[in-house]
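Asks: Okay, predicted coordinates and the sequence, questions at the end:
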4 protein chains.
Amino acid sequence: MTVPVLSHDSSRSRMKIAVFGIGRMGKRHARNVAYFTPDAELVAVCDVNPSASKWVKDNLPAGIQCYTEPSACFDHAGLQGVVIATETSTHVGLAVQAVQSGIHVLCEKPISVDVNLSKPLVAAAKANPHVKVMIGFSRRFDESYREAKSRIDQGLLGVPHMIKSATCDQYDPSGFFVAYSKASGGIFIDCGIHDIDMARWLLSTPGSDCAVKRVFATGQNVRHPELEKDGDADNALAIIDFRGGQRVTFHLSRTAIHGHDCFAEIFGTEGKMIVNGNPQINRLEIRDAHGVRTESTPTYYERFREAFVTEMNEFVACCRNDLPVPTTVDDAMQAAQIAVALTWSFREGKVVEFDEQSGEPILV
Amino acid sequence: MTVPVLSHDSSRSRMKIAVFGIGRMGKRHARNVAYFTPDAELVAVCDVNPSASKWVKDNLPAGIQCYTEPSACFDHAGLQGVVIATETSTHVGLAVQAVQSGIHVLCEKPISVDVNLSKPLVAAAKANPHVKVMIGFSRRFDESYREAKSRIDQGLLGVPHMIKSATCDQYDPSGFFVAYSKASGGIFIDCGIHDIDMARWLLSTPGSDCAVKRVFATGQNVRHPELEKDGDADNALAIIDFRGGQRVTFHLSRTAIHGHDCFAEIFGTEGKMIVNGNPQINRLEIRDAHGVRTESTPTYYERFREAFVTEMNEFVACCRNDLPVPTTVDDAMQAAQIAVALTWSFREGKVVEFDEQSGEPILV
Amino acid sequence: MTVPVLSHDSSRSRMKIAVFGIGRMGKRHARNVAYFTPDAELVAVCDVNPSASKWVKDNLPAGIQCYTEPSACFDHAGLQGVVIATETSTHVGLAVQAVQSGIHVLCEKPISVDVNLSKPLVAAAKANPHVKVMIGFSRRFDESYREAKSRIDQGLLGVPHMIKSATCDQYDPSGFFVAYSKASGGIFIDCGIHDIDMARWLLSTPGSDCAVKRVFATGQNVRHPELEKDGDADNALAIIDFRGGQRVTFHLSRTAIHGHDCFAEIFGTEGKMIVNGNPQINRLEIRDAHGVRTESTPTYYERFREAFVTEMNEFVACCRNDLPVPTTVDDAMQAAQIAVALTWSFREGKVVEFDEQSGEPILV
Amino acid sequence: MTVPVLSHDSSRSRMKIAVFGIGRMGKRHARNVAYFTPDAELVAVCDVNPSASKWVKDNLPAGIQCYTEPSACFDHAGLQGVVIATETSTHVGLAVQAVQSGIHVLCEKPISVDVNLSKPLVAAAKANPHVKVMIGFSRRFDESYREAKSRIDQGLLGVPHMIKSATCDQYDPSGFFVAYSKASGGIFIDCGIHDIDMARWLLSTPGSDCAVKRVFATGQNVRHPELEKDGDADNALAIIDFRGGQRVTFHLSRTAIHGHDCFAEIFGTEGKMIVNGNPQINRLEIRDAHGVRTESTPTYYERFREAFVTEMNEFVACCRNDLPVPTTVDDAMQAAQIAVALTWSFREGKVVEFDEQSGEPILV
């Protein structure tokens, strides 16, 4: 929780922000802007469902305007930034509209489930370089991953050469994510994109070449056979070869029993680091008839709740001080391209090579 | 960070609070009121040192009044609560003045280094039952201790019968705490009071008798021989026998090398729990030439920073909703009395018995 | 150390054993037979180097015959079993000779670096079913892996569906293993064969199909670029798809800094298990200026020294009681075939499919 | 398991040993001599119960003589050493007889429940300095405690100044130990003697003064109220002040639920060490609906089984090479005296001072 303090600048008025989409993540973002981002002010929310206004009334400070029409919200007087936490399919349209209106954007990942659909945002961002577009790769704002990055930069690991990670969600018998699966683009795009972005970030040291050479993926459906018809999996494995020689492998799962277990190992020539070896929810250990045991974070939210606060504060700091955003549209495009190639590899059972010139996967 | 949300009630205006004493803890409390307590508003600070106003200007939102005179601050229009984080010797005077002015008080521990000096506050609190007086036993607001308490209440441990704890501060070669030692009342009062209060809290189950029967303490000066002349120690051990049969033992230290290590074991007939078995600062583990290792919280602040936010939010919620405060003046008096008896035991090398009627230690 | 006791039967004379090859592993096996296998008696050793006899004299009980000629050793009066711990290239020849002489064999892995070269042993074993041929897959005799297997059999994990493992040797600046690399068949055959066998063993539950469908591998040389010319790697990643839907992935490394780190995760529908999450060498933890830390087993030997004792005792028990050996020539052939396919995949950058009929990899 | 190898000397005949008392520990010692002590030979056992011979026949090599009369056993031809694992009340008589017969002794702890009763053994040992008398303080032979001692000697901790330990046995609803309690001398003598000896050993650095100044103890009966009438406890706490300024505190318990949990923290001016922070029985971790968990050693035997083997090998090495034994009668007498003083303190609720001249506790 140090970042909110660092980013505070009381000599200027607070940045006026609206949150689009009052779903699970939108509610959290709205609270974070309203209560935990000293340099920002939540002025409006926008949700197509008019009942969102009741939630706003019950949970947020007075005086926040509720819109159901995006255009009306973009016209809110003095609006400086938006957080886009709507359904994935609407991300690009809203983000482009914001950028073209000169309004800074913090957009939830993924930009879209199809790389091509994201291109208008790439173009809009390029055409409006003074407008910030930041992507919600929350893992980059977590203090433990940041400490890992910092240690790499200090040389603790020598040359970092391999990342092994896992993002394992707790099994949800309600099948929520299965319903969500089609719209989400599948496990590599919805979930693996975090691992891909994290690996690219941690392995990007001066002089390293993180262009992809080839990828391979495989998957299973051990709890959700109904995913098979959509070409999705509830467990998946991926290997990514970078041209610079680095290797990345990760495991994605929807079927962990003990909780949300999001884990990374970073290997270097002088040592390795592990992030979140035990996904414990707090500092309590129990020793009883079930053994010596700790309890785990049930979802990514308990794991990353502080990271979301830091993310918001950094977004605001970048906008107010005209700094480069830490997670760019290009990062999102690169990660998406890799996720798409992995999805293809998993479905076809084949290696996907990347073209050395274009950097794009050869999906044949 | 769940409590701030829970305590939020946007239908009413925020509670107006002033912070007294802009020292190490006062700065933190001021920030927590200003930025992380949705239902409160920081309206003023008071510090005898006029330079405090510069810190306020640089670190807090605009519009906060700075006072050097307590009386003037107490007269601040609409003031509803104060946080007292001044030197220990001034706690009682300020707290009494606040209570008599109908202003709620959150007072840092200890109330005073001498139990008798605290009695005016006991009297004032008793005479003004509508005014809240809460004591800053921060450990009670930490999510892990709270989870422990909740599990005990649910019966996970059967009958809890013993607490073993340790509060070990990192060795500070600057000798800061040695200079501070005289004013602080010594290691049992300055530091052990947290362990005592925590043990009383966790062992207080329905029907249990937490009146003290006898105590014994011993100590060492392994790094700070200069403490000896003041009858203080840099390492100390204590045993407390409760009349209900429960036992408490703790270790206090100023000489830990790896960091601040604050640890508790709670034993029950059906199992035990451990809080903070490894005082790790984050979720990063390093494996290199020094072994498989984690880094530790350097001070109590990194360990308890969220607890201070929760404490503030609960204080505000108790005041606004007229609820009993979780940490009372009586808790502080009981803990202080035990700490004084332990100090006496350590200095004399003798057991101290407590009078069954009065509940007070027999210091002869 | 429970197995030696279990296998003891004092009513019969001890099994007479000779050890072939007094190198690193041979010395350990000789000691284990001589001192820690109650039902066996070390009667002879055989090593082409006559100086082995000095080591025997200095380290083993009196009365052990030393041979330099295998044939002479096989003729040792009353010899019942041999342990083959010579150079890999001599395994098959010696094992076949033993089997044809009616002498039981415990053979170090791998049988050979080339699957075809192993076929005479397959034939000999088949032709002499009363002679035991057991392969030294030591991991199967480790108490923690055994406990894992036992829990799987009891159903703790539901349906086991994925194994993720790692065998990371400590970096050896002397380059010993590099010199050894050519003869060893490379990292997948020398080292990965343990992970492959372990995964096949743990995933072989009633009704499961562990035939391989396809594999993929990749590798790096981060410390030993000189391996490149031999088509070997000092770090490697592999994925194995089984026809039954199970997935296996592992990481092999020669460059760990903190020690030998051999790790497995076993995923099931009802939970997961981890073997050796922290490769600590003993129960000592240090908390000092380097953090909260433990030290690691430097080599596989400290990690598996008890497993080798158990392995020897089980070998003896199988021979004396005419029981099926737990690790067969067929297990070794299957593992070798997969290791060869992974080596090919790594060198070619392509997926290797396995023929459904023959079960053999299609290396084109 | 390195010590057996180290102590091996095949140029001489093996030491002939008899084990007295074929109870729980005697059986283990007999097995260890017979199978895991290369330089020793088990030639006889002695137990008043003739049925012991059946156990010997079923579990040990052929040719071991069974006696029911101690004198007959002492007369066994060529007997060089005895292991005394009988009931505590018979230890002194048997040990004295052995010593006077020139037979080396490894005697289980405690020598007796009453310090005065041990004096004949002290005298006999003094009168026969060429005969070894070693006491079974098994903890000193455990590799983790040994590593701790070694690190202290190397200066890793700076000046060691405090030991905090715990010996918590798993709760046994059968009440076995309660029946055993009277004969055992109570929890401080039966169980605490290990903690006392371990602390004296680890704190005995060159120049340190480990004479006791004062002690204090307290206790509870949380599961076994029937112990109260014998002045015993099922949970106990002790503090020991050494004249050199070192402090020792320990917790003894018969009511742990998760297993046998024997734990030590060793504090020095430059760091601390922990032995057995998690009493895990093997390297397996389970992650399922009960959390992230490990299982614990059920009894001290699983925890210390290798230490007992090392102890036996060292005993044999000391006898064969005329080396001083690591755990002397004097160590046992010192530890017993402290245990007696703690028992008195617990029963009386008073501090016990030790006489500076005589070093004996003043029990008034």
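Replies: Great, that's in hand.

Asks: how about the helix or strand where residue A:90 lies as CSV, C-alpha atoms only?
Replies: Assigned by DSSP states H and E, residue A:90 belongs to helix A:88-100. Output of helix A:88-100 as CSV, limited to C-alpha atoms (Å, rounded to 0.1, in the frame of the first residue of the first chain):
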residue,chain,number,x,y,z
THR,A,88,-14.6,-8.2,-23.5
SER,A,89,-16.5,-7.7,-26.8
THR,A,90,-17.1,-4.0,-26.0
HIS,A,91,-13.6,-3.1,-24.9
VAL,A,92,-12.3,-1.9,-28.3
GLY,A,93,-15.3,0.2,-29.2
LEU,A,94,-15.3,2.0,-25.8
ALA,A,95,-11.6,2.4,-25.7
VAL,A,96,-11.4,3.9,-29.1
GLN,A,97,-14.2,6.3,-28.4
ALA,A,98,-12.4,7.4,-25.2
VAL,A,99,-9.0,7.9,-26.9
GLN,A,100,-10.6,9.9,-29.7
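
Asks: So what touches that helix?
Replies: With Cβ atoms under 8 Å, 6 or more residues apart in numbering or on different chains as the test, helix A:88-100 has contacts from A:20-21, A:70-71, A:74, A:82, A:84, A:86, A:104-105, A:107-108, A:110-113, A:117-118, A:120-121, A:124-125, A:128, A:131, A:133, A:183-185. C-beta coordinates here come from the backbone N, C-alpha and C atoms, glycine included.

Asks: Please flag which of those residues sit within strands.
Replies: Judged by DSSP state E, these include A:20, A:82, A:84, A:104-105, A:107, A:133 as members of strands.

Asks: Output these in JSON lines; the columns should cover neighbour count, pLDDT and distance to chain B.
Replies: Shown next, in JSON lines, are the ones in strands among the contacts of helix A:88-100 (neighbours: other Cβ atoms under 10 Å in any protein chain shown; pLDDT from 0 to 100; distance: Cβ to the nearest Cβ, whole Å):
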{"residue": "A:20", "neighbour count": "28", "pLDDT": "98", "distance to chain B": "21"}
{"residue": "A:82", "neighbour count": "27", "pLDDT": "98", "distance to chain B": "22"}
{"residue": "A:84", "neighbour count": "28", "pLDDT": "98", "distance to chain B": "23"}
{"residue": "A:104", "neighbour count": "24", "pLDDT": "98", "distance to chain B": "22"}
{"residue": "A:105", "neighbour count": "28", "pLDDT": "98", "distance to chain B": "25"}
{"residue": "A:107", "neighbour count": "26", "pLDDT": "98", "distance to chain B": "24"}
{"residue": "A:133", "neighbour count": "27", "pLDDT": "98", "distance to chain B": "27"}
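
Asks: quick one: stretch A:301-309 near chain D?
Replies: No. Against chain D, stretch A:301-309 shows no contacts by Cβ under 8 Å from any Cβ of the partner chain, the least distance being 13.9 Å.

Asks: One more: stretch A:226-240?
Replies: No. Stretch A:226-240 lies apart from chain D when judged by Cβ under 8 Å from any Cβ; the minimum separation is 15.1 Å.

Asks: list the buried ones in that stretch?
Replies: Across stretch A:226-240, burial judged by 16 or more other Cβ atoms under 10 Å in any protein chain shown covers A:227, A:232-240.

Asks: State the distance spanning the first to the last residue of it.
Replies: 27 Å (Cα to Cα, to the nearest Å).

Asks: Same question for stretch A:312-332.
Replies: From its first residue to its last, stretch A:312-332 covers 18 Å (Cα to Cα).

Asks: cool, stretch A:265-274 as well?
Replies: Across stretch A:265-274, first to last residue, Cα to Cα, it's 4 Å.

Asks: what's next to it, contact-wise?
Replies: Counting by Cβ under 8 Å, 6+ apart, A:148, A:151-152, A:155-165, A:202, A:263-264, A:275, B:284-289, C:222-223, C:235, C:253, C:255-258 sit against stretch A:265-274.

Asks: The residues you listed, buried ones only, as a PyMOL selection?
Replies: Only the buried entries of these go into this PyMOL selection, using 16+ other Cβ under 10 Å:
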select buried, (chain A and resi 148+151+152+156+157+158+159+160+161+162+163+164+165+202+263+264+275) or (chain B and resi 284+285+286+287+288) or (chain C and resi 222+223+235+253+255+256+257+258)
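
Asks: so of the contacts of stretch A:265-274, which ones are in helices?
Replies: Residues from these lying in helices, with DSSP state H as the criterion: A:148, A:151-152, A:202.

Asks: where does whatever residue of the stretch 101-250 of chain A ends up closest to chain D fall, helix, sheet strand or coil?
Replies: Relative to chain D, the nearest point of the stretch 101-250 of chain A is residue A:168 (9.7 Å; Cβ to the nearest Cβ). Assigned with DSSP: H, G, I helix; E, B strand; the rest coil, residue A:168 falls in the strand class.

Asks: if I look at it, how far off is residue A:116?
Replies: In this view, residue A:168 and residue A:116 are 30 Å apart by Cβ to Cβ, to the nearest Å.

Asks: Between these two, which is the more surrounded one?
Replies: Applying other Cβ atoms under 10 Å in any protein chain shown to residue A:168 and residue A:116 shows that residue A:168 carries more neighbours, namely 24 against 8.

Asks: What confidence value was assigned to the more buried one?
Replies: Residue A:168 carries a pLDDT score of 98 in this model.

Asks: My guess is it contacts residue A:257. True?
Replies: No. Under the criterion of Cβ atoms under 8 Å, residue A:168 is not in contact with residue A:257, lying 9.6 Å apart.

Asks: Tell me the pLDDT of the residue of chain A most remote from its centre.
Replies: Distance from the C-alpha centroid of chain A peaks at residue A:289, with 38.9 Å (Cα atoms, centre = their mean). Per-residue confidence (pLDDT) for residue A:289: 97.

Asks: Just give the closest residue to it, not the sequence neighbours.
Replies: Of all residues not flanking residue A:289 in the chain, residue D:257 sits nearest, at 5.8 Å (Cβ to Cβ, 6 or more residues apart in numbering or on different chains).

Asks: The one you found: what's it in contact with?
Replies: A:287-289, B:270-272, D:170-171.

Asks: go with 6 Å
Replies: Contact analysis of residue D:257 by Cβ atoms under 6 Å, 6 or more residues apart in numbering or on different chains lists A:288-289, B:271, D:171.

Asks: near chain C, which residues of chain A?
Replies: A:161, A:216, A:218, A:220, A:222, A:237, A:239, A:241, A:245, A:247, A:249, A:257, A:269, A:271, A:351 (Cβ under 6 Å from any Cβ of the partner chain).

Asks: wait, isn't the last one in contact with residue A:215?
Replies: Read it as residue A:351. No. Here residue A:351 does not reach residue A:215: they are 7.3 Å apart, not a contact under Cβ atoms under 6 Å.

Asks: Looking at those two, which is more packed in?
Replies: Taking other Cβ under 10 Å, residue A:351 and residue A:215 do not tie; residue A:215 has more neighbours (27 against 20).

Asks: Which pLDDT does the model give the more buried one?
Replies: As predicted, residue A:215 sits at a pLDDT of 98.

Asks: Alright, calling it a day.
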